[in-house]
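In: no sequence for this one, just the structure:
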Ligand code: SF4
Ligand code: SF4
């Protein structure tokens, strides 16, 4: 059982260099304020339905929508994220949040984890050691102590599920149909702010499930080969290629032979 003490020292490090995950409503608000939002897509091959008792599979199912890549059944997870290098556009010179009352859920719960299957590890967080040397209880027996953080974590998980059909519809409206393979990287799409805002607003009115055929992007030749074999629609794409779409691979590029590509 994990017990952790923590007290924010207001260093501002958690407000820098982020892809800040936003709910559908938060993304609309962020865009209406003039901010930039990116669309990250990852796909999970979903050939057979996992056992209902598999809590982790249930969590993934609730966060994703079913679709196809060629002959392969997949589920796609879409994350809307405010991306910025350096400080958040709303971080003030006094290292305060300039939209404190309206700040996203994920800002309210930091450094707690949203994903219930990821254990909170201080070394994976931006908070300096002195924040963890506090005498204030933060986690007791693996449970977050603060009621507000508990509340916003619950709300965030709930909204994440409710947003799935809205994000699916928005992708359809935007013509976004390429995703990474989960745990290999992310396929990142950058529609213009105006185009994305219009699609997110339209998805509130009409959120029919898409019947599209997704392309699966990978920077791994072995993955490309397997996806070809199972009848999916794969494409090799090198990491960090510039453009409206970008592949963010977790591993170095492993290009395929020209014959397979
Ligand atoms: S919205 Fe506020 S709390 Fe969240 S990253 Fe920006 S400045 Fe920090
Ligand atoms: S990085 Fe941690 S200690 Fe620093 S402002 Fe963010 S939550 Fe507080």
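Out: Arrived safely. Note that this is a predicted model, so its numbers are computed, not measured. Ligands and ions are numbered 1, 2, ... in the order given.
In: count the residues that sit near the nearest residue to residue 97 once chain neighbours are set aside.
Out: Spatially, and ignoring its direct neighbours in sequence, residue 97 is nearest to residue 103 (5.2 Å; C-beta to C-beta, 6 or more residues apart in numbering). (Each C-beta comes from the backbone N, C-alpha and C, glycine too.) Neighbours of residue 103 under the rule other C-beta atoms under 10 Å: 16.
In: please apply the same query to residue 22.
Out: With other C-beta under 10 Å as criterion, residue 22 counts 25.
In: with residue 79 instead?
Out: Neighbour count for residue 79, taken as other C-beta under 10 Å: 19.
In: and ligand 2, is the helix or strand harbouring it touching that?
Out: Taking DSSP states H and E as the definition, residue 79 sits inside strand 72-87. No: Strand 72-87 stays clear of ligand 2 (C-beta under 6 Å from any ligand atom), getting no nearer than 11.8 Å.
In: how close does the residue nearest to residue 97 get to ligand 2?
Out: For residue 103, the distance to ligand 2 (C-beta to the nearest ligand atom, to the nearest Å) stands at 12 Å.
In: secondary structure element holding the residue nearest to residue 213 when sequence neighbours are not counted?
Out: Taking C-beta to C-beta, 6+ apart, and ignoring the residues beside it in sequence, residue 213 has residue 68 as its nearest neighbour in space, at 5.6 Å. Assigned by DSSP H and E, residue 68 falls within strand 65-69.
In: contacts for that strand?
Out: 43, 46, 73-76, 164-165, 167-168, 209-216, 227, 232-234 (C-beta atoms under 8 Å, 6 or more residues apart in numbering).
In: for residue 207, give me the pLDDT.
Out: At residue 207, the pLDDT value in this model is 62.
In: just the one 10 residues further on next, same as before
Out: According to the model's per-residue confidence, residue 217 sits at a pLDDT of 97.
In: do residue 144 as well
Out: 94.
In: check the burial of the closest residue to residue 185 other than its chain neighbours by counting its neighbours.
Out: Closest residue to residue 185 apart from its sequence neighbours, by C-beta to C-beta, 6+ apart: residue 249 at 4.0 Å. Counted with other C-beta under 10 Å, the neighbours of residue 249 add up to 19.
In: what sits against residue 249?
Out: Contacts of residue 249 by C-beta under 8 Å, 6+ apart are 180, 184, 185, 219, 220, 239, 240.
In: repeat that for residue 206.
Out: Neighbours of residue 206 in contact, by C-beta under 8 Å, 6+ apart: residue 169.
In: let's see it at 10 Å
Out: By C-beta atoms under 10 Å, 6 or more residues apart in numbering, the contact list for residue 206 reads 166, 169, 172, 173.
In: any idea of the mean pLDDT in the one helix or strand the second one maps to?
Out: The reference is to residue 169. Assessed by DSSP H and E, residue 169 sits inside helix 164-174. If you average the pLDDT over helix 164-174, you get 95.
In: swap in stretch 250-261?
Out: Rounded mean pLDDT across stretch 250-261 is 77.
In: any idea how far the closest residue to ligand 2 within the stretch 101-250 of the chain is from residue 169?
Out: Per C-beta to the nearest ligand atom, residue 127 is where the stretch 101-250 of the chain lies closest to ligand 2, at 3.1 Å. Distance, residue 127 to residue 169, by C-beta to C-beta, to the nearest Å: 37 Å.
In: same drill for those two, tell me which one is more crowded.
Out: Shown here are residue 127 and residue 169; by other C-beta under 10 Å, residue 169 has more neighbours (22 against 17).
In: return the residues of the chain in contact with ligand 1.
Out: 15, 20, 88, 90, 91, 97, 99, 103, 107.
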